[in-house]
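Trainee: Predicted model, plus sequence, below.
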Amino acid sequence: MLLTRSLSRFALLLLASSFIVGAAHAQSKPQYPDYPSETPDTFYPPTHEMDYERRDVMIAMRDGVHLNTVILVPKGAQHAGILLTRTPYSAKILAANQPSMHLAAALWGYDNAVETIVEGGYIRVIQDIRGKYGSEGDYVMNRPIHGSLNPTPVDESTDTYDTIDWLVKNIPESNGKVGVLGISYDGFLSLMPMIHPHPALKCVVPMNPMVDGWRGDDWFHNGAFREQNMPYIYEQTATRDNSSLWLSSNFDDYDTYMSAVSAGALGRQRNMNQIGFWRKVTDHPAYDSFWSDQAVDRVLAAQPFVVPTMLVASLWDQEDIYGAIAVYKALQPKDTGHQLYLVLGPWHHGQEIEKADSLGAITFNSDTGLYFREHILANFLAHYLRDDAPPLTIAPVTAFVTGTNHWERLQTWPSGCESGCAPKSTPLYLDAYNTLDEIPGAFRHSDQPYPYDEYVSDPAKPVPFRARPSQPIGYTPNLSWVRWLVDDQREFSGRTDVLTYTSGVLDAPLKISGEPIVHLYASTSGTDSDWVVKLIDVYPDEVAGQPELGGYQLPISMDIFRGRYRESLSQPQAITHDTPLLYKFALPTVNHVFLPGHRLMVQVQSSWFPLYDRNPQTFVPNIFFAKPSNYVKATQRIYHDTEHSSFIDLPVVTTEH
């Protein structure tokens, strides 16, 4: 009992002591009056003057993942069609490019064909794809459809299906008709719903879509890696909200990429081995099943073609020049219901939704982007999405002719004219004395010293893809990335490591429509090599009224081919040195007239840096991890003798039937 009382007394003393200490401590803290935050728990923006209503929702997919979706409904909308864009670039930003109470002003910017959307009275819906920005789930770059590359039951096709299903059931102002459209990555996402489409999906408009990242879109061109795209991979995949930015190290990108030697070494320096997609890229430098199984044109070729589709391609697309034409080729034989449409415009990547009366120094005499939106896109969408559908008045193919600057209405592509005249394959030979000729005249000249021309390709001094300093990829006003495909090529025609072949002055217009095909007989003293071929329109020495175009060397079609894939795209092989071999590959699609007074030019070189990584010119298993000692000079020869006549097959338009 005494022990218990003693413990109780001790406990009371401790309690009293704690109270005194606590009170003293409390008295030592500063005391403030009631001074609440001025930020409300929930803020409701004004809506009474807005001409649209914004609804932010999270839509559940079949696996329980919720995708952030912004719905913009015009005030007074009834029985309106829905225009859906799915994006990895932030639905919040794309739905409010400008903070405005007016829908047109709010949408003005990336991936919004504003006139068409607003004047058509459509309900605009923009959604973050899984794993990006406000959406749940995991992100996979260009997520493949369910199959060998994607063992999960969900893909961009199923996510679009589930989204459309929710939209038509939960937007009372809609008429239950949905169209999907988008540019670039969003263009890829516009192709995905064509696979097992939802019944409410009435049309798709993939513009400049990413289709095959190895053959000729974002990641490679014919096996050559687009090294200057590394910052995009870094920023797009390192974080959910693209908040981890690539850090610049040099004003000139040329110096940045040279200092790292190889793309793989630069990736290690930038900690890109943490990024799953980067590891996949470096693990698959050849066109193996990783690339071919997810090539969208191949995927769609194996599917029924049931959704009306308008493919939009840019003739000077500096990012995805391959994709739209590849999909057109895949779908055109399946178009038994006459539901396939193609538009070819004189644009850079995505310029069709902007003012497009010029590109760099080249002018088109009209706003070609506005014409596309008002006269082509608007009619297509209205026909398939409005209850009072107007008749479809557009042609199966609408193609702009550069050089003469006018639109053509064609039945198919390639097609030389509205009456159906077909392009004729016409060889243009790389002849002796740096000339171009229609006749293989390798030995016409009795004083011709060699059956080839040669140059030395030095990886230590690669040919820049544009005049230095080389700017990074980007669309901010201080950058000129969008117009590099129309850069004047005089900067390079004077280099000793670039061969230049020029025709005589034309006395009549020469029209080409389709893909020029390169047939290059070449040898190298190395065991690997890149071959860059450029088809160029050379302007007269002086141009009245446009002095800056005097002698301008305008690229019409250019591309690169990595020599190790000459025999097989999937199984690279060392090149037999000092042996003339045939390299055959297609250049991007053209629709151009070389005018009288102009000349044709072809340039050949073996590097295009830093847009593409340097070929070490020594065969190594994986160029991503080439060592400094692998990079060697090589003597390159382009042949024009009777047995090895190098030429470009031009798709020349003829009116003969």
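Mentor: Sure, I can see it.
Trainee: how about the helices in the stretch 101-250 of the chain?
Mentor: 103-107, 114-119, 156-170, 185-191, 230-238 (DSSP state H, counting those that start in this stretch).
Trainee: Buried ones in the last one, by neighbour count?
Mentor: Within helix 230-238, the residues that qualify as buried are 230-234, 236-238, counting by 16 or more other C-beta atoms under 10 Å. Where C-beta positions appear, they are placed from N, C-alpha and C, glycine not excepted.
Trainee: hmm, back to that, most packed of the helices of the stretch 101-250 of the chain?
Mentor: helix 185-191 (a mean of 27; mean count of other C-beta atoms under 10 Å).
Trainee: Kindly format the C-alpha coordinates of that helix as PDB.
Mentor: Output in PDB follows, covering the C-alpha atoms of helix 185-191 (Å, rounded to 0.1, in the frame of the first residue of the first chain):
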ATOM      1  CA  TYR A 185       2.000  11.100 -81.800                       C
ATOM      2  CA  ASP A 186      -1.700  12.100 -81.700                       C
ATOM      3  CA  GLY A 187      -1.900  11.000 -85.300                       C
ATOM      4  CA  PHE A 188      -0.600   7.600 -84.300                       C
ATOM      5  CA  LEU A 189      -3.300   7.500 -81.600                       C
ATOM      6  CA  SER A 190      -5.800   8.400 -84.300                       C
ATOM      7  CA  LEU A 191      -4.900   5.200 -86.200                       C
END
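Trainee: quick one: residue 351 and residue 357 touch, right?
Mentor: No: in this structure, residue 351 is not within contact of residue 357 by C-beta atoms under 8 Å, at 10.3 Å.
Trainee: Neighbour count: these two, which is higher?
Mentor: The neighbour comparison of residue 351 against residue 357 (other C-beta atoms under 10 Å) goes to residue 351, with 23 against 14.
Trainee: Could you report the pLDDT at residue 432?
Mentor: Looking at residue 432, its pLDDT stands at 86.
Trainee: before we move on, what about residue 45?
Mentor: Reported pLDDT at residue 45 in the predicted model: 85.
Trainee: and it, how far is that from residue 539?
Mentor: Remark: distance between residue 45 and residue 539 (C-beta to C-beta, to the nearest Å) = 54 Å.
Trainee: These two: who's more crowded?
Mentor: residue 539 (20 against 8).
Trainee: who touches that one in this structure?
Mentor: 549-554, 598 (C-beta atoms under 8 Å, 6 or more residues apart in numbering).
Trainee: any chance of the buried residues of helix 230-238 in JSON lines, plus pLDDT?
Mentor: Below are these laid out as JSON lines (pLDDT from 0 to 100):
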{"residue": "230", "pLDDT": "98"}
{"residue": "231", "pLDDT": "97"}
{"residue": "232", "pLDDT": "97"}
{"residue": "233", "pLDDT": "98"}
{"residue": "234", "pLDDT": "98"}
{"residue": "236", "pLDDT": "97"}
{"residue": "237", "pLDDT": "97"}
{"residue": "238", "pLDDT": "97"}
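Trainee: Which of the residues you listed sits closest to residue 364?
Mentor: Checking those against residue 364 by C-beta to C-beta gives residue 232 as the nearest, at 28.5 Å.
Trainee: Need the nearest residue in space to that closest one, chain neighbours excluded.
Mentor: residue 473 (6.6 Å; C-beta to C-beta, 6 or more residues apart in numbering).
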